[in-house]
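Enquirer: coordinates only, sequence not included:
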């Protein structure tokens, strides 16, 4: 079994439909990950334990997704020395997603969260792979290959649009 | 010495010019308070200790002020069973205060924060007094008196405007 | 019959589907409440009577929900000495809920409203219970138990997510 | 002495620097007005008395200015049968004026407030004159003359710009 | 046939589902109105003719509704000496209604538009009636009666909510 | 075959349902166009080639549509000397369209993008025709005719509304 | 004397400090322009005359700048068949510029305004030159030269930053 | 001389006062960096060259700062396989910073930018160090030490506040 390099956590199991895109892209890059629910507001002790220990278990990056007054990414970043990627989620009763975007993005000096787009869990997975690649040249090659694939996909679609 | 009933905490000492208005109004109502800096992002262990123990020390209400991605009020509310009043602060590099307002207000179901207006520390102090009054009729009388005073002040100012 | 400690009012009967969550959580905490429609804009005399007298009837906290240019919570707070919890409601023709959030939150110095999240009536109920607990240690124990329950629920859900 | 046709009220004497523009334009149109401070939040009884009686005293239009969670215009409109013109004021600690704009504009069906631009007290005065003109042809002529003057002023300024 | 006192215009026939509420309330107050499509952007000459002549035909108030970059109310107000009530409409491709609200509300000094809430055509009709009432005491009595009716309706609904 | 004067590009084939309105209006004006997918983020080399060469192929105007962090219009404008019309598109996961509007509109000094309304591809087509008309009087006549048609359409619809 | 190809108009002479940047860049490109104040709200007849006749006088492009509820660009575009470039201006009492941006940008189908950034008069001038270039290859060459100059300027500044 | 691991680029030399905070924190962590101006809009070829080659030169992370319609971070991320950290900058004529935040944050699927807070260059530097630490345990230790320092600083400040 491969060592877990990326830990994906989310504030509620209702975030899973968005967050699983991070897991899928990591699987595609063949990077081992774990996935869990850690609620900053309902399980603060678990938040503390998880964030204090992840780097000791060999985890290299943490992806944290949450909606509304989204404190999970920032609190994980407060406790863990690892790079934390925050995924703002547009939950029900959100004010159009502004609340989770601003709660995750606007961190004070000293405690960064690498924020991606609203519901951008796929990009969080890619970013995690890019960070893993900082210490692993083989992963960097996979990312270069992935980007070339994106190009090829656009070519096919462009062909279709030109022929309309 | 009177028992501390209200605990005022803030995320940074730079929040003091705003937050001291909460202390002043509590002093005016003769309600004992304490004041401290507890940073959710820089001192997460202190956040944990403070929030876990405040109610055991006899504190009845917590006022928490913070700016930007303001996680302090919500994290205190996650850990403490006491009512938590959140004061959004318009710090430098804030996006017009929207970040702290939404980070404090939009808490998930189960973990309320009683949010007041941007920089509204004075109102946080009054609200804390009103909460103390729920168990102390003498404080309720002081609040009624305070409201009457507000009226009198407007009367004097209205007189001046009418005579312009 | 238990004495009513919390009064839940709303600006329109169309707010009931949101506001009933406040009643349900208070029932769960076994705190007696009353529920009524008081429109600041259509029944201003009733607003006045209700707000002037609630504290005389033994009510300890008022929860007021309204949408659009939501004046009910602020006007109740203007007249009553009790702590007032405001619930912004996203009604039809609302501008994404911003109108009710800002109309309730941004109260002037001297007249606080304890604002909760958009449609956050459940949290208003919990906050009311926390305020009642300021004068009743038994309620505080119930809140501590409630918070432990929240943790247990997350544990079960987290287990499910980890096993996906 | 001429009968007062327009009543100008404001939530705080700090609104006077903005609101006096309404008085000045009414003076220019030779329409009698009164000016006073009526705080919805600090003097609710005065709000009630003023709004219930203005139309009985011969007042034809009410101009109400307020900032933040601006409830004065809407509450006057709730109680008085007269047309109410609302002036949103950008006060200190306002969230860029959005709070007062939305608190005044987004009134529920049945209770209109004629809202003008942020700090638009001059336009409130002109609008009041136009409403008075609905029952007084001489005032309508003054408004037509005023509009012609506006044109003349632009002509002079345009001349200057063309000659740069 | 009664003389037309209120003219209702809209920028597009697609605004009719919103704007007809203004006509309905005027009919209820027995105030004669006319209704037409006048597009500031597609029929500028008609805009000019309509706005220059309405007051000469005995019209007392103009209600103008438009969506998006809503120029109709402001342009009518630029040309006509009559009070103009603007109704911001949330059309398709609107940015949540903010575009029409700001395009109508934020008029420059000298040219007011009495703006009502987003899609607030009913309130525009009531406001028009209140303006007509400035010169007609019988209409004022109808408005007082209408307000009493609003109260009665709330009473019935409140009864239902209390009995839940 | 007529020489291509207008080039329509979009960031993704999912933008086609919006962007085809630009093609349709150009066809109606009988102006030759081409249509293609050019992704700033997935095919940066194609972006570079396309933008560097369009003016050499006789293209007079470029229409570029994109959603989210919409970089296509601005990057084309950075590289090409031609006038570039930007169409902000409200894609899924957009924050209400604000992201694409601001990403396209707020270009720095030296590199303009002629921005049209959210999803305003039809207007982009008309604007392109107006630009072509700057060097071709026959096209100007078609635009004048088009505007007269708009008027006629409103007349028919206005008739229907008046007769309701 | 060269024929005027670009007409620069603004809603108020207070817009001149912003709008003169359009004139300066046109002078730099040696394109003849005229500059005037045309107020949609204060001089609607002049707006009408100007917009109806500009294309008959040989003008190829109109640049229109305005603030607040900025109707000038859209109304010129409604009447003139020429391409109209709109410059949103952040005037005093503007709500952070949102009002003028949205009033100019969000034009309905059929009547485009080519909107540039807030206070982006310089870019409006460049865009006007690009439109003139559609019918004049010599101007296109000047634009290519201008873009090369921009590059050179950045080179010098980059050198300075690298050497810090 | 140490190998450059982090490349800091900015869209304009006017961004330097903000961006130098990234350099300072990297110097503090003893991580070699380079700093340059690369304008997406004025030097697109340099953007292309820089982004295509950085990873070949051993760079591990790119920090890109820009204001307004900020395309630099996203375009670098489009071309380079490295993790790109975006710093939104509140430039003059920015619409309160919203434009640069949204232009950088809302990237499409496949091309992430790790966005930090408005003007958050210091946090961008820390995040870059955390990414370098993914492949270098010594840097991770420095980050742990840095976080402990933050705690100590708060302790001193908290002491001062408590003693007021």
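Expert: That came through fine. Note that the structure is a prediction, hence the values are computed from the model and not measured.
Enquirer: Close to chain B: what parts of chain A are there?
Expert: A:11-12, A:40-42, A:44, A:48, A:67-69, A:71, A:74-75, A:77-79, A:93-95, A:98-99, A:102-108, A:110-111, A:113 (C-beta under 8 Å from any C-beta of the partner chain). No exception for glycine: its C-beta is placed from N, CA and C like everyone else's.
Enquirer: Briefly note if the longest helix anywhere in chain A comes near chain F.
Expert: As assigned by DSSP state H, the longest helix anywhere in chain A is helix A:137-162. Yes. Residues of helix A:137-162 contacting chain F under C-beta under 8 Å from any C-beta: A:147, A:150, A:151, A:153, A:154, A:155, A:157, A:158, A:160, A:161, A:162.
Enquirer: among the residues of chain A next to chain B, which are in strands?
Expert: Per DSSP state E, strands hold the following members of the residues of chain A next to chain B: residue A:67.
Enquirer: Filter the residues of chain A next to chain B down to just the ones in helices.
Expert: Judged by DSSP H, helices contain the following of those: A:44, A:48, A:74-75, A:77-79, A:98-99, A:102-105.
Enquirer: Tell me the residues on chain A that lie near chain E, please.
Expert: Counting by C-beta under 8 Å from any C-beta, chain A sits next to chain E at residue A:96.
Enquirer: got any ranges where chain A has weak pLDDT?
Expert: Where chain A drops to pLDDT under 70, the residues are A:1.
Enquirer: any idea how far chain F is from residue A:55?
Expert: 31 Å (C-beta to the nearest C-beta, to the nearest Å).
Enquirer: Apologies, that question was intended for residue A:61.
Expert: 22 Å.
Enquirer: Which residues are in contact with whatever residue of chain A ends up closest to chain H?
Expert: Nearest to chain H, among the residues of chain A, is residue A:135, at 2.3 Å (C-beta to the nearest C-beta). Neighbouring residues of residue A:135 by C-beta atoms under 8 Å, 6 or more residues apart in numbering or on different chains: A:60, H:134, H:135, H:136.
Enquirer: need the residues you listed in CSV with distance to residue C:21 and secondary structure, can you?
Expert: Formatted as CSV, the contacts of residue A:135 follow (distance: C-beta to C-beta, whole Å; DSSP: H, G, I helix; E, B strand; the rest coil):
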residue, distance to residue C:21, secondary structure
A:60, 42, coil
H:134, 44, coil
H:135, 49, coil
H:136, 51, coil
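Enquirer: Taking those, please make a PyMOL selection of just the buried ones.
Expert: Buried members of those, defined by 16 or more other C-beta atoms under 10 Å in any protein chain shown, are picked up in PyMOL with:
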select buried, (chain A and resi 60) or (chain H and resi 134+135+136)
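Enquirer: What is the nearest of the contacts of residue A:135 to chain C?
Expert: residue A:60 (19.6 Å).
Enquirer: give me every residue that touches residue A:125.
Expert: With C-beta under 8 Å, 6+ apart, residue A:125 has these contacts: A:6, A:21, A:22, A:23, A:24, A:25, A:26, A:29, A:63.
Enquirer: out of the residues you listed, which are inside strands?
Expert: Reading strands off those with DSSP E, I get A:6, A:63.
Enquirer: from the contacts of residue A:125, which would you call buried?
Expert: For the contacts of residue A:125, buried by 16+ other C-beta under 10 Å: A:6, A:21, A:22, A:23, A:25, A:26, A:29, A:63.
Enquirer: Among those, which lie within helices?
Expert: A:21, A:22, A:23, A:25, A:26.
Enquirer: mind listing what the fourth one touches?
Expert: The contact partners of residue A:25, taken as C-beta under 8 Å, 6+ apart, are A:122, A:125, A:126, A:129.
Enquirer: cool, the second one as well?
Expert: The neighbours of residue A:22, taking C-beta under 8 Å, 6+ apart as the test, are A:8, A:33, A:63, A:65, A:87, A:121, A:122, A:124, A:125, A:128.
Enquirer: how about the fourth one, secondary structure?
Expert: It stands for residue A:65. strand (DSSP: H, G, I helix; E, B strand; the rest coil).
Enquirer: Spatially nearest residue to it (excluding sequence neighbours)?
Expert: Once flanking residues are discounted, residue A:65 sits nearest to residue A:87: 3.7 Å by C-beta to C-beta, 6 or more residues apart in numbering or on different chains.
Enquirer: Show me which pair in the contacts of residue A:25 is furthest apart.
Expert: The largest separation in the contacts of residue A:25, counting by C-beta to C-beta, is between A:122 and A:129 at 11.0 Å.
Enquirer: When the two are compared, which one has more neighbours?
Expert: When residue A:122 and residue A:129 are compared for neighbours, residue A:129 comes out ahead with 27 against 22, by other C-beta atoms under 10 Å in any protein chain shown.
Enquirer: quick revisit: among the contacts of residue A:25, which are in helices?
Expert: A:122, A:125, A:126, A:129.
Enquirer: Next up, the contacts around the last one.
Expert: Residues counted as contacts of residue A:129 (C-beta under 8 Å, 6+ apart) are A:25, A:26, A:29, A:31, A:139, A:142, A:143.
Enquirer: let's see 6 Å
Expert: Listed by C-beta atoms under 6 Å, 6 or more residues apart in numbering or on different chains, the contact set of residue A:129 reads A:29, A:31, A:139.
Enquirer: thinking again about what came up before, let's have the contacts of residue A:22 in TSV, adding distance to residue E:56.
Expert: Shown next, in TSV, are the contacts of residue A:22 (distance: C-beta to C-beta, whole Å):
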residue	distance to residue E:56
A:8	71
A:33	76
A:63	69
A:65	64
A:87	62
A:121	64
A:122	64
A:124	65
A:125	69
A:128	71
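Enquirer: Contacts only, for the closest residue to chain E within chain A.
Expert: Nearest residue of chain A to chain E: residue A:96, at 7.9 Å (C-beta to the nearest C-beta). Counting by C-beta under 6 Å, 6+ apart, residue A:96 makes contact with C:96, F:96.
Enquirer: ok, now with 10 Å
Expert: Neighbouring residues of residue A:96 by C-beta atoms under 10 Å, 6 or more residues apart in numbering or on different chains: A:90, A:118, C:96, C:97, C:98, E:96, F:95, F:96, F:98.
Enquirer: which one of the ones in helices among the buried ones among the contacts of residue A:125 is nearest chain G?
Expert: When those are compared against chain G (criterion: C-beta to the nearest C-beta), the nearest one is residue A:21, at 32.7 Å.
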